[in-house]
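Participant: here's my sequence, what's the structure:
(2 chains)
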Amino acid sequence: MQQNDKNKKSIQDKLSTIKYNCDNTSHLIPDKKKCAKCKEKTCTFICPADVYSIDESSGEIIVQYENCLECGACRIACPKQAIDWKYPKQGSGVIYKHS
Amino acid sequence: MDNINFNADVIVVGAGPAGISAAISIADEGKKVVLIEKASYPGSKNMYGGAVYTSALKEIFKQDFDSIPYERIINSHTWAFLNETGSFDITYSNKESASAYAIKRFNLERWMIDCAKKRGVYYIPNTLVKKLIQIDSKVVGVETELEQYFAPITIIADGVNSLLARELKLRNNYNTKDIILSVKETIKLDKKTIEERFNLSSDCKDGVNKQYFGYDFKSLKNIKKLFMMSFLYTFKDTVMIGVGASLEDLSKNKLNINQILDEVKSHPEIYPLIEGGETIEYSAHLIPEGGYKKIPKLTSNGVIIAGDAAGFINSVHFEGTNFALISGKLAGESAVYSLNQGDYSESTLNIYVKKLQKSFILKDLYSYRNVIEKLCSRSDSIEVYYPKKIKELFEIITSANCISKSSQIRNYAFSFFKDRSPKELLKDAFAFIKCAIDVFFGK
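Facilitator: Predicted coordinates:
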């Protein structure tokens, strides 16, 4: 768990280096019904930008789409294929300048 | 189909290496081509290891090639097998070679777009294609967020996730074992520090690439199977360091790729190279590893697929941009052929597949069709066992430890069979021989 926390902090620090043009609605929409039945919750550890987490009170998936790097890992790794994955609206999302 | 008002001869979706090169080869033949890109700035959603191959660039950009704003010439290559406390390296350098340039995608794509516009490509940035427009099972255009564009042929070059190829059902969804997830950090150091640390002369633009195998890191001790590779590229005043790992292995081991990158960065052989540097960007991307066996249907009525969208990559040699550039060029040529024939059907557009078969693209993908699979299945040996054995051998050679050499070498030879069962050793050997035979007798 400790390693996990350290990794999340590391990701947050790294995300702060990236420029984004934020969209006002999420381009990533997990299917709540499928997510409720999912045991693996792969999205919560696979995402390189730590976009997905679990709301402790409701148990639902929280999507911090603003941090998304648009890589597509969650879409393919989701064992239930439950994520409706689109690109952010035109001109929005991540803007890499040094990659 | 007859009463559609076409805006162009060809629509190209995606302004990466494949899309831009396709558009150029169409414009060069005097046809009207529009190139649509979702990002506001060229290259700002693209990411790669760090170097583009020059022979493909020269073939497409011809006289403009010399104006490319590259940062360094990658003419020194190191393959390093990491163990927990150090590494075993092989370095090859050729200071006369200029086969790859280190250039940031933001600069590479901007330069390619400038060249494309000069050659007659109509570039439409900041525009997201939402879906393809089909009439009588023929693709006749694309629908963006704001409007529709019509053309008899559409070239899909929208990258590894290719939502458009999936929409057309030209490809199935990828499986996690066919995908590598890669993350990278761009680390700022001053030019002089980079030249000192990498033994580079300050009066030329020489640069290095390092590829690292092995994951014998402390926090990954309990991981049974993990196929991963790390890389480093030097730029003018930055160093790119990244790692790619199998999405399947990451999922099964409940690992986050960033955790692995942090391990790689703190390895005793790597940390001194980036020490004191400031991370100025973090980025992520998928790499399609399925190879020959996972190539989608490449054409349909009014449609051609090129680049990452078609899964054209040879990850063994870190080749991707050259596959994208040349497949884009061949897609463009095939579109022009069909326009001249006045026939945009799948069977006419299939000249694209024939062109690919004659080129290195399908030949290499075929020759390497089993390699990644074999490397993945033997990853525990390549990534942990053999790096450890290399370390043990060199410990004997380099440490004057007052024990007779022949007894050490005998023990070392026996340990090969003690530490790993003969069956596994044979499997390793067969996997290696199989790959070598495939590549040697390939197309």
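Participant: roughly how far is whichever strand or helix holds residue B:208 from the heart of the chain?
Facilitator: Assessed by DSSP states H and E, residue B:208 sits inside strand B:206-213. Taking Cα atoms, centre = their mean, to the nearest Å, one finds the center of strand B:206-213 at 15 Å from the center of the full chain.
Participant: what strands flank that strand, and is each parallel or antiparallel?
Facilitator: strand B:72-82 (parallel), strand B:228-234 (antiparallel) (DSSP bridges).
Participant: restricting to C-alpha, output the helix or strand just after the shortest one in CSV.
Facilitator: Read it as strand B:228-234. Reading on from strand B:228-234 to the C-terminus, the next helix or strand found by DSSP H and E is strand B:238-246. Only the C-alpha atoms of strand B:238-246 are listed here, as CSV (Å, rounded to 0.1, in the frame of the first residue of the first chain):
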residue,chain,number,x,y,z
THR,B,238,17.0,17.5,-22.3
VAL,B,239,17.1,13.7,-21.8
MET,B,240,14.1,11.5,-22.5
ILE,B,241,13.8,8.5,-20.3
GLY,B,242,10.9,6.1,-20.6
VAL,B,243,9.7,2.6,-20.2
GLY,B,244,7.3,0.3,-22.0
ALA,B,245,5.6,-2.8,-20.6
SER,B,246,3.1,-5.3,-21.6
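Participant: wait, does strand B:238-246 make contact with chain A?
Facilitator: Yes: using Cβ under 8 Å from any Cβ of the partner chain, strand B:238-246 reaches chain A at B:238, B:240. Where you see a C-beta, it was placed from the backbone N, CA and C, and this is true even at glycine.
Participant: elements contacting that strand?
Facilitator: strand B:179-188, strand B:228-234, helix B:257-265, helix B:271-274 (3 or more Cβ pairs under 8 Å, 6 or more residues apart in numbering or on different chains; DSSP states H and E).
Participant: quick check, distance from the following helix or strand past the longest one to the centre of its chain.
Facilitator: As assigned by DSSP H and E, the chain's next helix or strand after strand B:179-188 is helix B:191-197. Helix B:191-197 has its C-alpha centroid displaced from the chain centroid by 27 Å (Cα atoms, centre = their mean).
Participant: ok, residue B:405 - how many residues close by?
Facilitator: 11 (other Cβ atoms under 10 Å in any protein chain shown).
Participant: for the one 5 residues further on, same thing?
Facilitator: As a burial measure, the neighbour count of residue B:410 was computed by other Cβ under 10 Å and equals 11.
Participant: now swap in the one 3 residues further on and tell me
Facilitator: Applying other Cβ under 10 Å, we find 10 other residues in the vicinity of residue B:413.
Participant: check the single nearest residue of the stretch 251-400 of chain B relative to chain A and give its pLDDT.
Facilitator: Going by Cβ to the nearest Cβ, chain A is nearest to residue B:282 of the stretch 251-400 of chain B, at 3.6 Å. Model confidence at residue B:282, given as pLDDT, is 98.
Participant: helix, strand, or coil at it?
Facilitator: Secondary structure assignment for residue B:282 (DSSP: H, G, I helix; E, B strand; the rest coil): strand.
Participant: and if you look at the one 4 residues further on?
Facilitator: Going by three-state DSSP, the secondary structure assigned to residue B:286 is strand.
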